[in-house]
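Peer 1: dropping the sequence and predicted coords here.
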Amino acid sequence: MADPKLLTISGSLRKGAYNRMLLAEAVRAFGPAEVTEADLNLPLYDGDLEEAEGVPASVQALVEQIKAADAVVISSPEYNKGISGVLKNALDWISRVPGSAFKNKPTVVMSANAGRTGGETGQYMVLHCLVPHQADVLPGPTLCVATAGDEFDAEGRLLNERYLKVLNTRMTALRDRVS
Ligand SMILES: Cc1cc2nc3c(=O)[nH]c(=O)nc-3n(C[C@H](O)[C@H](O)[C@H](O)COP(=O)(O)O)c2cc1C
């Protein structure tokens, strides 16, 4: 059987993002997969732009990646206790493309943040914002990597066994869902 297609979505655009590191660990924990990394560097949602030019090609490409994926992992920082604007913007664009890309898509959500709660409040907002998309969001245990700057080594590997254990639980559940 072919390896499952796994799409990773980072709610942080920056190259050195802790959420990217967490996604890389999630991919390792998931096991053999055809991995694609989403690019959320999209135009800001603008109804005038949509009317004049239609859905941007970058959004359409993202929608196709979600549709093609067997499973999705989203890792996003919270910004000021809320969902990152980058991720919200992407979700808003995705919702404008007919066919509900996320519908019934097995999806795991996690977060890494510099703060002491690891982005838990923002992560709940991500879960909330996924509701209209009807994704098949797998339940906890919740994974919020707190004080993220201290939690990854120079190779981007998670140092804390407790986080690794939760990550493995989540990714095993996701793999089981698509096997
Ligand atoms: C606009 C902004 C808002 C932030 N708000 C929070 C916050 O609410 N909670 C928190 O723990 N850290 C907050 N931070 C710090 C982030 O946790 C930190 O920048 C983290 O590295 C972002 O994730 P990334 O490494 O994946 O980019 C904020 C950072 C920025 C730039």
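Peer 2: Everything's here; your move. Please read these numbers as outputs of a predicted model, since none were measured by experiment.

Peer 1: and the residue of the chain nearest the ligand?
Peer 2: Gly115 (2.2 Å; C-beta to the nearest ligand atom). Placement of C-beta: from N, CA and C, glycine included.

Peer 1: so that residue makes contact with Val145?
Peer 2: No - contact criterion C-beta atoms under 8 Å: Gly115 and Val145 do not qualify, at 10.5 Å.

Peer 1: how close does the spatially most distant residue from the centre of the chain get to Asp46?
Peer 2: Distance to the chain centre peaks in the chain at Ala52, reaching 29.6 Å (criterion: C-alpha atoms, centre = their mean). Distance, Ala52 to Asp46, by C-beta to C-beta, to the nearest Å: 9 Å.

Peer 1: next up, phi/psi of the nearest residue to the residue of the chain closest to the ligand once chain neighbours are set aside, please.
Peer 2: Spatial nearest neighbour of Gly115, excluding adjacent residues (C-beta to C-beta, 6 or more residues apart in numbering): Ala146 at 6.6 Å. Backbone torsions for Ala146, taken as degrees, to the nearest 10, come to phi -90, psi 160.

Peer 1: neighbours around Ala146, how many?
Peer 2: Counted by other C-beta atoms under 10 Å, the residues lying close to Ala146 total 18.
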